[in-house]
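>>> only the shape, not the letters, is given here:
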């Protein structure tokens, strides 16, 4: 910015001074006139100060500037392709200034947004993506934007592009874009709405996945803390492992008949308030339900050929295996007649458990912190590995006389255990110092 110079006309100064002091002006020295010139200061507006460039650079067809108001502008020339960065040994040129960035402008000439390019811009809330951008790499961003507008030029958005970032209000796609689209709530999809890519953080209440969707992408609902109910219809056949991420206030989750494998679905999610889980007829495998601490009811379609539910408790179809007792329930529960294998009490809050004769195998009771006593009938011949690990309030256990082996971790972490009545014919005794 060029400073404005306020020059003083020497003749005019002498005339004005002479009018006041008479002949004194005749002896005014040139040095005094020069000093008066130098005291005149330039006037700088607030807007000009905000636009002052505080950092800039140029490398590999990319140039950038950061102004005092926190606007990072990146433009390209030639190829206009950003490098990828690993945030370990390689970093974006503006990385050190990341915390100062409030707005990101990806300007003309940039054709791709590199991996971790803006990952360290944690405080940016605004973003403008220019219409020359074609590709957005994984982990490209690291902050929560008010909204994200995808121009018509974009042909590829990595499914992890916004994993460390988000849009609070919505993702909005230029209608002319041939590869992506959004719905009225600002949820991002591929063009034909077969893949649900990202939901905005402010998605609230109940959301019904459109019946065109076949795949829920990893982390697509992560951070949707205002979402209380999610309905995944029968058209969805694949839900990627971390699709739900963290949804702290979701109460009800319904998964339709199209999903066949729910195996690892809850291994990486955080749904601390989920109370009701409704499962369709398609799934043949399910695990990690112990990661749902508040669930009260697990309901399964009557048409499912592998599982069934009775009073919100999950069993094998023939009801001989108790697969999962809801973690959120408390009080006393008696295992029903006909069950021979019990494997689903991990992390449960239940206080008393009645195990009848007829049960032959017990496993997965770890983390039952409210259990204080267990009576295991003589029909039980096997205990699974680390069956009662971290049952921290367990004080007394009577084992079945038909159990011959105890795993060394069976009662690991049972810090209050005072009495274990062992079977007479026990062949291996674990190291009791563990308990």
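It's in. Only a predicted model underlies this, so the values are computations on that prediction, with no experimental measurement involved.
>>> ok, the residue most central in space within the chain - contacts?
Nearest to the centroid of the C-alpha atoms of the chain, with distances taken as C-alpha atoms, centre = their mean, sits residue 222, at 4.0 Å. Neighbour list for residue 222: 163, 166, 242, 244-247 [criterion: C-beta atoms under 8 Å, 6 or more residues apart in numbering]. Glycine gets a C-beta too; all of them are placed from N, C-alpha and C.
>>> would you map the helices across this structure?
10-21, 30-38, 46-50 (DSSP state H).
>>> residue 394 is in contact with residue 411, correct?
Yes. Counting by C-beta atoms under 8 Å, residue 394 is a contact partner of residue 411 at 7.5 Å.
>>> if we can go back for a sec, kindly indicate which of the contacts of residue 222 lies nearest residue 428.
Proximity of those to residue 428 (C-beta to C-beta) peaks at residue 242, which lies at 39.8 Å.
>>> separation between that closest one and residue 366?
In this view, residue 242 and residue 366 are 23 Å apart by C-beta to C-beta, to the nearest Å.
>>> ok, now residue 243?
Applying C-beta to C-beta to residue 243 and residue 366 gives a distance of 26 Å.
>>> can you check residue 111 too?
Residue 111 sits at a distance of 52 Å from residue 366 (criterion: C-beta to C-beta).
>>> quick one, which of these two is more surrounded?
Neighbour count, other C-beta atoms under 10 Å: between residue 111 and residue 366, residue 366 has more, with 23 against 17.
>>> count the residues that sit near the closest residue to the more buried one other than its chain neighbours.
Counting by C-beta to C-beta, 6 or more residues apart in numbering, residue 366 lies nearest to residue 389, which is 4.2 Å off, once chain neighbours are set aside. When counting by other C-beta under 10 Å, one arrives at 21 neighbours for residue 389.
>>> tell me who's in contact with residue 389.
With C-beta under 8 Å, 6+ apart, residue 389 has these contacts: 366-367, 409-414.
>>> so how far is residue 365 from it?
Taken as C-beta to C-beta, the span from residue 389 to residue 365 is 8 Å.
>>> with residue 419 instead?
17 Å.
>>> could I get the contacts of residue 389 in TSV, plus columns for pLDDT and distance to residue 61?
Listed next are the contacts of residue 389 as TSV, based on pLDDT from 0 to 100; distance: C-beta to C-beta, whole Å:
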residue	pLDDT	distance to residue 61
366	95	55
367	96	54
409	88	57
410	89	63
411	91	63
412	93	58
413	94	57
414	94	63
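>>> quick revisit: tell me which of residue 419 and residue 365 has more neighbours.
Shown here are residue 419 and residue 365; by other C-beta under 10 Å, residue 365 has more neighbours (27 against 9).
>>> so the more buried one sits against residue 347, correct?
No. Residue 365 lies out of contact with residue 347 (C-beta under 8 Å); the separation is 9.5 Å.
>>> can you get me a residue count around residue 279?
Count around residue 279 with other C-beta under 10 Å applied: 22.
>>> how about the one 10 residues further on?
Counted with other C-beta under 10 Å, the neighbours of residue 289 add up to 21.
>>> run through the residues that contact it.
266, 277, 295, 298, 314, 324, 327, 344.
>>> next, format these as a markdown table and append distance to residue 254.
Converted to a markdown table, these look like this (distance: C-beta to C-beta, whole Å):
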| residue | distance to residue 254 |
| --- | --- |
| 266 | 14 |
| 277 | 8 |
| 295 | 13 |
| 298 | 12 |
| 314 | 15 |
| 324 | 17 |
| 327 | 19 |
| 344 | 21 |
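>>> CSV for the residues you listed, including distance to residue 171 and pLDDT?
Listed next are those as CSV, based on distance: C-beta to C-beta, whole Å; pLDDT from 0 to 100:
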residue, distance to residue 171, pLDDT
266, 26, 89
277, 28, 97
295, 30, 98
298, 33, 98
314, 36, 97
324, 35, 97
327, 34, 97
344, 39, 91
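>>> tell me which of those fall in strands.
Here DSSP state E is the test, and the contacts of residue 289 give 277, 298, 314, 324 as lying in strands.
>>> the first one contacts residue 251, doesn't it?
No. Under the criterion of C-beta under 8 Å, residue 277 makes no contact with residue 251, lying 10.4 Å away.
>>> okay, these two: which has more neighbours?
The residue with more neighbours, out of residue 277 and residue 251, is residue 277; 26 against 17, by other C-beta under 10 Å.
>>> for the more buried one, give the beta-bridge partners.
Per DSSP bridges, the residues bridged to residue 277 are residue 253, residue 298.
>>> which ones are touching it?
With contact set as C-beta under 8 Å, 6+ apart, residue 277 has these partners: 253, 255, 289, 292, 295, 297-299.
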